[in-house]
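Student: prediction below, plus the sequence it came from.
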Protein chains: 2
Amino acid sequence: MNSFNLTTYLTSNLNIDEKEISSIVENCKIKKVKKEQFLLREDQHCNHTFFVEKGLLRQFSIDEKGKEHILSFAPENWFVTDRQSAYFDKPSAYYIQALEDSQVVIIDENFVQLLSKKIPAFSDFNNKLLHNHIRHLQNRINLLLSAVAEDRYLQFIKMYPDILLRVPQTMVASYLGITPESLSRVRKELAQKNFKS
Amino acid sequence: MNSFNLTTYLTSNLNIDEKEISSIVENCKIKKVKKEQFLLREDQHCNHTFFVEKGLLRQFSIDEKGKEHILSFAPENWFVTDRQSAYFDKPSAYYIQALEDSQVVIIDENFVQLLSKKIPAFSDFNNKLLHNHIRHLQNRINLLLSAVAEDRYLQFIKMYPDILLRVPQTMVASYLGITPESLSRVRKELAQKNFKS
DNA sequence: TTAGGTTCTTATCATACATCAATGCAGAGG
DNA sequence: CCTCTGCATTGATGTATGATAAGAACCTAA
């Protein structure tokens, strides 16, 4: 079992015994996925949380017009899941797909619940993840409500400089809620501005 | 102490002794606020959760151009807080303001933490609130990414028919991320459509 | 009742962004 | 090496929504 990243991540974020941590990690499965492969599809029940050991995932939805909308990217050391589906046990409205050949740790939802009950520190940790998630979502809403394409892009660069380099532009556009063409133009204008100044 | 709504709300959502519930409620303060009055302002630390007994609140931000963006409405039986500020103990980026004369229960953040530690059922309850919050935020992002003004408005009507009638149109527009003028147009077009069919 | 402030509507014009279509370009695979 | 395919760019055009301004409708309070 090779889940080095998860172990170190938990060790530095969970204030419990190393042995206990490895016993947690032992209980999880590792899965390798090829680029393009899906870990979750719409209408499926999402019963796990994925922790990205290596690679890059995306979570997205498809609207009635068939257009994709990216909710989040998940690079190394990120957790991704459809909490809505996992927690309320409902069919998911989202897809989770690999953008690169990846390796993920699959953590069972029941197992998460169990750990939360048994280990207070884990419950706290989980709580923190939830709060971080909320923080992130709220900032995004704020951005969508207030900022024009250019500002959204600039913010994206600042927050996810690494991801910017790893995904096709069309996906960044989808994340920002604009078309690839618009993003291309925004980039052009920015380049010109920077050149002048 | 008159916090009837919170008591019944907790009773039907928290699987614990009624006595324990009233001991919880006893520990909270009641506050009456007049219309327009603020419960939280930008840069303040938000140390409480508000539960709306009576009335209606709004949570909003103000961007660099001075424009207001409504993140959420909170009518009776809703909790509202800036989790970001409360949990991470940072100055808030938001305002919370009464849209009607209201009565709220003020629940101290420390008290929430304490209860979570002491009463597992309360911790579960809190967890559920967090998940609901996330669900709500995600749906909103999806809507902002995919839907045009008209669809956003229709969705709003469906989800919050009560709130629609209680707040000025300009605030609905702010929630939807469009101008009041645009909303007026959208409404006009919808009215014409409905008249024809 | 009038007066004065909001809020809502309406109209015109401006603009950001979408859409559609063509071309360029680079990496993958034969 | 060449071709194929997907992605980025660019231009022309359309459209939804924003900005501004003015008037209408509505409330509230004197």
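Tutor: Structure's in. What do you need?
Student: how many neighbours does the nearest residue to A:I16 once chain neighbours are set aside have?
Tutor: Setting aside the residues directly before and after it, A:I16 is nearest to A:A121 in space (C-beta to C-beta, 6 or more residues apart in numbering or on different chains), at 5.0 Å. Where C-beta positions appear, they are placed from N, C-alpha and C, glycine not excepted. Residues near A:A121, counting by other C-beta atoms under 10 Å in any protein chain shown, number 15.
Student: next, the angle from the strand or helix carrying A:A121 to helix B:120-146.
Tutor: Using DSSP states H and E, A:A121 sits within helix A:120-146. On the basis of axes from the mean of the first three to the mean of the last three C-alpha atoms, to 10 degrees, helix A:120-146 is oriented at 30 degrees to helix B:120-146.
Student: follow-up on the earlier one: doesn't A:N15 make contact with the residue nearest to A:I16?
Tutor: Yes - A:A121 is in contact with A:N15 according to C-beta atoms under 8 Å; the separation is 5.2 Å.
Student: for chain B, what are the nearby residues on chain A?
Tutor: Residues of chain A lying close to chain B by C-beta under 8 Å from any C-beta of the partner chain are A:61, A:63, A:67, A:69, A:71, A:83-84, A:87-88, A:93, A:116-117, A:120, A:123, A:126-128, A:130-131, A:133-135, A:137-138, A:140-142, A:144-147, A:177.
Student: residues near the residue nearest to A:Q44 when sequence neighbours are not counted, how many?
Tutor: If the residues on either side of it in the chain are set aside, A:Q44 comes closest to A:S92, at 5.7 Å by C-beta to C-beta, 6+ apart. By the measure other C-beta under 10 Å, the count of residues near A:S92 is 20.
Student: and A:D17, by the same measure?
Tutor: When neighbours are defined as other C-beta under 10 Å, A:D17 has 12 of them.
Student: distance check, it against A:P180.
Tutor: Note on A:D17: its distance to A:P180, by C-beta to C-beta, to the nearest Å, is 49 Å.
Student: where does pLDDT dip in chain A?
Tutor: When residues are selected by pLDDT under 70, those of chain A lie in A:1, A:195-197.
Student: which residues of it lie near DNA strand D?
Tutor: If contact is defined as C-beta under 7 Å from any atom of the strand, the residues of chain A in contact with DNA strand D are A:P168, A:Q169, A:T170, A:P180, A:E181, A:L183, A:S184, A:R185, A:R187, A:K188.
Student: the residue nearest to A:Q44 reaches A:D43, doesn't it?
Tutor: Yes - A:S92 lies in contact with A:D43 (C-beta under 8 Å); the separation is 6.8 Å.
Student: for stretch A:176-192, which outside residues touch it?
Tutor: Around stretch A:176-192, the neighbours that count as contacts under C-beta atoms under 8 Å, 6 or more residues apart in numbering or on different chains are A:69, A:144, A:149-150, A:152-154, A:156, A:169-170, A:172-173, B:144-145.
Student: narrow the residues you listed to those in strands?
Tutor: A:H69 (DSSP state E).
Student: ok, the contacts of stretch A:176-192 vs DNA strand C, which is closest?
Tutor: A:A149 (3.5 Å; C-beta to the nearest atom of the strand).
Student: contacts only, for the residue most central in space within chain A.
Tutor: By C-alpha atoms, centre = their mean, the mean C-alpha position of chain A lies nearest to A:A74, the distance being 3.3 Å. Under the criterion of C-beta under 8 Å, 6+ apart, the neighbours of A:A74 are A:F50, A:V52, A:L56, A:L57, A:R58, A:Q59, A:V80.
Student: near A:E36, how many residues? Count them for me, please.
Tutor: Burial of A:E36, expressed as a neighbour count using other C-beta under 10 Å, amounts to 10.
Student: that one: what secondary structure?
Tutor: Classification of A:E36 using DSSP: H, G, I helix; E, B strand; the rest coil returns coil.
Student: how much space between it and A:E42?
Tutor: From A:E36 across to A:E42, the span is 16 Å (C-beta to C-beta).
Student: quick one, phi psi at A:F51?
Tutor: When quoted as degrees, to the nearest 10, the phi and psi of A:F51 stand at phi -110, psi 130.
Student: and it, bridged to which residues?
Tutor: Residues in a beta bridge with A:F51, per DSSP bridges, are A:F79, A:V105.
Student: for it, what are its contacts?
Tutor: Residues counted as contacts of A:F51 (C-beta under 8 Å, 6+ apart) are A:N5, A:L6, A:Y9, A:N77, A:W78, A:F79, A:V104, A:V105, A:I107.
Student: now, which of those residues sits nearest B:A98?
Tutor: Here the nearest of the contacts of A:F51 to B:A98, counting by C-beta to C-beta, is A:F79; it sits at 37.2 Å.
Student: okay, now that closest one: neighbour count?
Tutor: If we define neighbours as other C-beta under 10 Å, then A:F79 has 19 of them.
Student: quickly note the distance from it to A:N15.
Tutor: Counting by C-beta to C-beta, the separation of A:F79 from A:N15 is 18 Å.
Student: ok, A:S61 next?
Tutor: In terms of C-beta to C-beta, A:S61 sits 36 Å off from A:N15.
Student: looking at these two, which is more packed in?
Tutor: Between A:S61 and A:N15, counted using other C-beta under 10 Å, A:S61 has the larger neighbour count: 19 against 11.
Student: and the host helix or strand of that one, does that touch DNA strand C?
Tutor: Taking DSSP H and E as the criterion, the element that holds A:S61 is strand A:57-62. No - contact between strand A:57-62 and DNA strand C is absent, the nearest approach being 14.1 Å (criterion: C-beta under 7 Å from any atom of the strand).
Student: report the inter-axis angle for that strand versus helix B:120-146.
Tutor: Here strand A:57-62 runs at an angle of 70 degrees relative to helix B:120-146 (the same axes, to 10 degrees).
Student: parallel or antiparallel, list what pairs with strand A:57-62.
Tutor: If you go by DSSP bridges, strand A:57-62 pairs up with strand A:68-74 (antiparallel), strand A:95-98 (antiparallel).
Student: will you turn those into a markdown table that also has distance to B:V25?
Tutor: Shown next, in a markdown table, are those (distance: least, C-beta to C-beta, whole Å):
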| stretch | distance to B:V25 |
| --- | --- |
| strand A:68-74 | 37 |
| strand A:95-98 | 41 |
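Student: lovely, talk soon.
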